[in-house]
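[1] okay, predicted coordinates and the sequence, questions at the end:
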Amino acid sequence: MKKLFFILLICFISCRNETSNKLIKTIDEHDSQKAGKIQVLNVGFFHFGTTSDANKVDFDENNLKEQKEIRQLSELLAAFKPTIICLEYTPEIDDKINEGYIKFLENPDKLDTEYGELSMVGYDVARMNSLEKVYGIDNYIGYNYSVGDFIENSPELINAIDPKTYLELTNNPLKEYPELEAKNKNFDNLSLLEKIKLTNNPVMLDYSLNTNADKLFYVGIDDNFVGADQAALFYQRNMRIFSNLNRIKMTVDDRVLIIMGSAHTAMLREFISRSPKFEMVNTLDYLK
């Protein structure tokens, strides 16, 4: 009899916890809608295929093991139930990208590797949520992120602003976070999920901004602003990306998934966090 009582008690507590969790989730979603904010899952990626980025990752998107991991990652992101998916390509080629998506839907058992993570993950998450299309929000602006290195490696040039901080950010950017530094050095040996989790760690997103732009604030020749001016181009590109996001018609009932390179993710995090329009969910909650 006692055994039966304990079983019933455990079931009762379990049911109450489940009901409570559902209630909390409902309240959270209600509060977001009441506040008139659109939920956003802002996920940073490294590029699966060929890339012009300075930092490349050893990753074979055609490997069957890697493809299985990609499918598993897509399922985790699909749990967000996005109604709008935004990818790192320019709106001008929207029709071309979506032709690829429609073609993928005809044979979804085979991942589309043509656009790297954009088609391998973006298409599959869109399929799992029965979306009709995906959206491009990128904008291209060229800039010289290695101007500081050029100055440091040119004996005839002198960085007149703060070479000490620039070199520290270049050579030892994670010195205050030894565990993250160790993981980052072992990046190629991590599973895909662990790679994406590390990429989206808030400290690593800050690191990405420093690597791509902010360390240039410490670079200049004489009284000029050659470093800051180049970093400004990177900021401008991302401001335009955020503007493209806002071109998409959406309501508070929409749920937006953004898949971009981690530096763009880091910058969008800053814009979205201050926006009265959006509310970011915790990316790491969907990478478990």
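    Sure thing, it's come through.

[2] I141 and C86, how far apart?
    For I141, the distance to C86 (Cβ to Cβ, to the nearest Å) stands at 18 Å. From N, CA and C alone the C-beta is placed, and that goes for glycine too.

[3] same question, S243
    Computed as Cβ to Cβ, the S243 to C86 distance reads 12 Å.

[4] those two: which is more packed in?
    C86 (24 against 12; other Cβ atoms under 10 Å).

[5] partners of that one in the sheet?
    The partner list for C86 in beta bridges (DSSP bridges) reads Y135, I258.

[6] next one: it from I161, what distance?
    36 Å.

[7] same deal with G227?
    Counting by Cβ to Cβ, the gap from G227 to I161 is 7 Å.

[8] kindly report the same for R247.
    For R247, the distance to I161 - Cβ to Cβ - is 37 Å.

[9] who's more crowded, these two?
    Set side by side, R247 and I161 show more neighbours around I161, with 22 against 9, by other Cβ under 10 Å.

[10] pretty sure that one is touching N224, no?
    No. If you go by Cβ atoms under 8 Å, I161 and N224 don't touch, sitting 9.6 Å apart.

[11] where does the prediction get shaky in this structure?
    Residue ranges of the chain with pLDDT under 70: 1-34, 49-62.

[12] now do the strands in it.
    38-45, 84-87, 135-136, 255-261, 278-280 (DSSP state E).

[13] could those go into JSON lines alongside distance to D124?
    Shown next, in JSON lines, are the strands of the chain (distance: least, Cβ to Cβ, whole Å):
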{"stretch": "strand 38-45", "distance to D124": "14"}
{"stretch": "strand 84-87", "distance to D124": "10"}
{"stretch": "strand 135-136", "distance to D124": "16"}
{"stretch": "strand 255-261", "distance to D124": "11"}
{"stretch": "strand 278-280", "distance to D124": "23"}
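
[14] for A126, find the nearest of the ones you listed.
    For the strands of the chain, proximity to A126 was assessed by Cβ to Cβ; strand 84-87 is nearest, at 5.2 Å.

[15] the stretch 51-200 of the chain: helices as residue ranges?
    For the stretch 51-200 of the chain, applying DSSP state H, counting those that start in this stretch gives helices covering 64-78, 94-106, 117, 123-128, 147-152, 163-171, 178-185, 192-199.

[16] dump these into TSV; add mean neighbour count and distance to F48 as well.
    Formatted as TSV, the helices of the stretch 51-200 of the chain follow (neighbours: other Cβ atoms under 10 Å; distance: least, Cβ to Cβ, whole Å):
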stretch	mean neighbour count	distance to F48
helix 64-78	16	8
helix 94-106	15	15
helix 117	25	5
helix 123-128	22	13
helix 147-152	18	26
helix 163-171	15	26
helix 178-185	13	18
helix 192-199	19	9
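
[17] adding distance to T211, write the ones you listed out as JSON lines.
    As requested, the helices of the stretch 51-200 of the chain are arranged in JSON lines below (distance: least, Cβ to Cβ, whole Å):
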{"stretch": "helix 64-78", "distance to T211": "24"}
{"stretch": "helix 94-106", "distance to T211": "28"}
{"stretch": "helix 117", "distance to T211": "19"}
{"stretch": "helix 123-128", "distance to T211": "27"}
{"stretch": "helix 147-152", "distance to T211": "11"}
{"stretch": "helix 163-171", "distance to T211": "8"}
{"stretch": "helix 178-185", "distance to T211": "11"}
{"stretch": "helix 192-199", "distance to T211": "12"}
